[in-house]
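Asks: coordinates for the following, if possible.
(chains A and B)
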Number of protein chains: 2
Amino acid sequence: MEDNKNAVVLSSGGMDSTTAMAIARDEGFDIFSLSFFYGQRHVFELSAAKKIAEIFGAIRHLVINIDLAKIGGSALTDEIEVPKNRKKSEMKYEIPVTYVPARNTIFLSYAIAWAEVLETSHIFIGVNAIDYSGYPDCRQEYIEAFEKMANLATKSGVTGKTRLKIRTPLLKMTKAQIIQKGMELGIDYGITHSCYDPSSEGIACGQCDSCILRKKGFMDAGVDDPTKYSPIKK
Amino acid sequence: MEDNKNAVVLSSGGMDSTTAMAIARDEGFDIFSLSFFYGQRHVFELSAAKKIAEIFGAIRHLVINIDLAKIGGSALTDEIEVPKNRKKSEMKYEIPVTYVPARNTIFLSYAIAWAEVLETSHIFIGVNAIDYSGYPDCRQEYIEAFEKMANLATKSGVTGKTRLKIRTPLLKMTKAQIIQKGMELGIDYGITHSCYDPSSEGIACGQCDSCILRKKGFMDAGVDDPTKYSPIKK
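Replies: Numbering: from 1, shown residues only, chains lettered A, B, ... in the order given. The predicted model follows:
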């Protein structure tokens, strides 16, 4: 059966999901942007996500409230301190306290529900297993297992009307390659927000895993970093 | 590593999840009861779930608000009419409009997040693939795929500290067998709520799939049905 050209795109307001959205748009998809408010400390990402959905002409931008804070267990939702100045080499071998239990699984579960209602088979998620923070739910084997489960879980998967595809265009790209791809597609990364621990004005800390990966990405890509960082505290 | 005796039990306030909770309790687990408010029309199930958690001495009863109504696509959350008086034989071959897209996947995703925080590996869900309404996410192959995905998704699954197990003690039981098991374990089914379309006072309609399966279950089990049903409208 002919598939429509709708795509659900998970959007955090950060660099990776914005690049994934640009790639979906470039492939000719109409964008249904999906963001989550999960009690995260850095709500600035949500206003970035809204702006980004507008820029890409999203047909709808849905913000789902989820009660992850009730469940707890993460520095991103709890009063646990965000680690600073970890070396990139440390990130691969230790799952950090910023890990939110089952976050991508919860996000993707909502995405497949929405995809089913929209009768689309394409879900884009900007996970990356190269320059990443060591989260288990960013790996290819996880995404493959999720896709398999999703096609057993849903009406569309069972009836064969649409086969859900979890699209991960950034999975094997370095941060520098992601930035280069995004620049080609005309993204202004100045509007994206990555920091795990921004100031009350939304200024990036420059020292959390996410900021470190972002800075290094721009450096490696040979591109000026448009991000404003807080002055480093000695 | 020694596993603790905590279990997350998904509780809808209905017969099946209550029986699953009784089985978990009988196996010596401490109960962490997990319910969802998802804009369902039949909120009576939530007050039943709370009462049931108290009866089983749950350590915590968590109600998560989820925005399924925003996504739409189901008679249980939308203004679509709940089908009445379907024959049991019809239920197996057609996914009904009461199907909520990806519901069990969303529920189980929250459950694995909570299990991870509680450091437990046991999640009980009262799905049943015999006397059921034809939902794809009640089948064994779905549950197996979810479990596999869950163990790739989570920190606990990756570190091998705890291996998540999705426990489905009712999967292959008939409704009558479920009722017999529950009676052995001392459940008063009068407090459980199953109807998809109750009256404003919470009285079961007696005609939706869920009521039909419930009535037939009591009949087949040879047990008096404690449920109060609305008089049938001709």
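Asks: what mean pLDDT does stretch A:155-163 get?
Replies: Mean pLDDT, stretch A:155-163: 72.
Asks: could you work out the end-to-end span of that stretch for me?
Replies: Length of stretch A:155-163, first residue to last, CA to CA, to the nearest Å: 10 Å.
Asks: cool, and stretch A:191-200?
Replies: Using CA to CA, one end of stretch A:191-200 lies 17 Å from the other.
Asks: same deal with stretch A:12-31?
Replies: Terminal residues of stretch A:12-31 are spaced 14 Å apart (CA to CA).
Asks: let me see the mean pLDDT of stretch A:220-234.
Replies: Across stretch A:220-234, pLDDT averages out at 85.
Asks: over to stretch A:178-185?
Replies: What stretch A:178-185 shows for mean pLDDT is 96.
Asks: what residues does that stretch touch?
Replies: Identification of contacts with stretch A:178-185 by CB atoms under 8 Å, 6 or more residues apart in numbering or on different chains yields A:15-16, A:18-19, A:22-23, A:25-26, A:128, A:131, A:170, A:173, A:189, A:217-218, A:221, A:223. All C-beta spots, glycine's among them, are computed from the backbone N, C-alpha and C.
Asks: now the residues you listed: which count as buried?
Replies: Buried by 16 or more other CB atoms under 10 Å in any protein chain shown: A:15-16, A:18-19, A:22-23, A:25, A:128, A:131, A:170, A:173, A:189, A:217-218, A:221, out of these.
Asks: looking at those residues, which has the smallest pLDDT value?
Replies: A:D131 (66).
Asks: could you point out which element follows the helix or strand of chain A with the lowest mean pLDDT?
Replies: Lowest by mean pLDDT, DSSP states H and E among the helices and strands of chain A is helix A:88-91, with a mean of 60. Downstream of helix A:88-91, the next assigned helix or strand under DSSP states H and E is helix A:103-118.
Asks: is any residue of that next one near chain B?
Replies: Yes: for helix A:103-118, a contact with chain B is found by CB under 8 Å from any CB of the partner chain, at A:103-106, A:109-110, A:112-114, A:116-117.
Asks: kindly report the same for stretch A:122-142.
Replies: Yes: judged by CB under 8 Å from any CB, stretch A:122-142 and chain B are in contact via A:136-137, A:139, A:141-142.
Asks: show me where chain A has its strands.
Replies: A:6-10, A:30-37, A:60-65, A:122-124, A:165-167 (DSSP state E).
Asks: tell me the contacts of the residue positioned nearest the centre of chain A?
Replies: The residue lying closest to the centre of chain A (CA atoms, centre = their mean) is A:S17, at 4.2 Å. Shown in contact with A:S17 (CB under 8 Å, 6+ apart): A:9-11, A:49, A:125-126.
Asks: nearest residue to it other than its sequence neighbours?
Replies: Using CB to CB, 6 or more residues apart in numbering or on different chains and skipping the chain neighbours, the partner closest in space to A:S17 is A:G126 (3.9 Å).
Asks: ditto for A:G28
Replies: A:K5 (5.9 Å).
Asks: list the residues that contact that neighbour.
Replies: Going by CB under 8 Å, 6+ apart, A:K5 touches A:28-30.
Asks: which stretches of chain A have low pLDDT?
Replies: Along chain A, the model assigns pLDDT under 70 to residues A:1-3, A:40-42, A:72-84, A:86-99, A:131-134, A:156-157, A:160, A:232-234.
Asks: next one: the residue nearest to A:S17 from A:T174, what distance?
Replies: According to CB to CB, to the nearest Å, A:G126 stands 14 Å off from A:T174.
Asks: contacts for stretch A:154-165, please.
Replies: If you take CB under 8 Å, 6+ apart as the criterion, stretch A:154-165 is touched by A:1, A:3, A:112, A:115-116, A:119-123, A:147, A:150-152, B:95, B:99, B:101-102, B:136-137.
Asks: could you flag which of these are buried?
Replies: Taking 16+ other CB under 10 Å as the criterion, what is buried in the contacts of stretch A:154-165 is A:112, A:115-116, A:120-123, A:147, A:150-152, B:95, B:99, B:101-102, B:136-137.
Asks: give me the buried positions along stretch A:222-230.
Replies: By neighbour count on 16+ other CB under 10 Å, the buried set for stretch A:222-230 is A:225, A:227, A:229-230.
Asks: now do the end-to-end distance for stretch A:165-180.
Replies: In stretch A:165-180, first residue to last residue: 25 Å (CA to CA).
Asks: and stretch A:123-130, by the same measure?
Replies: End-to-end distance (CA to CA), stretch A:123-130: 21 Å.
Asks: who touches it?
Replies: Residues contacting stretch A:123-130 (CB under 8 Å, 6+ apart): A:7-10, A:12, A:14, A:16-21, A:23-24, A:104, A:107-108, A:111-112, A:115, A:137-140, A:143, A:164-175, A:178.
Asks: change it to 6 Å
Replies: When contacts are defined by CB atoms under 6 Å, 6 or more residues apart in numbering or on different chains, stretch A:123-130 is touched by residues A:7-10, A:16-17, A:20, A:24, A:111, A:115, A:138-139, A:166-168, A:170-171, A:174.
Asks: which among the buried ones among the contacts of stretch A:178-185 gets closest to chain B?
Replies: A:N128 (16.1 Å; CB to the nearest CB).
Asks: A:A129: how many residues sit nearby?
Replies: With neighbours defined by other CB atoms under 10 Å in any protein chain shown, the count for A:A129 comes to 19.
Asks: and it, how far from B:I59?
Replies: 37 Å.
Asks: how about the residues of chain A near chain B?
Replies: A:64-65, A:67, A:71-73, A:95, A:99, A:101-102, A:105-106, A:109, A:112-114, A:116-117, A:136-137, A:141-142, A:145-146, A:148-149, A:152-155, A:158 (CB under 6 Å from any CB of the partner chain).
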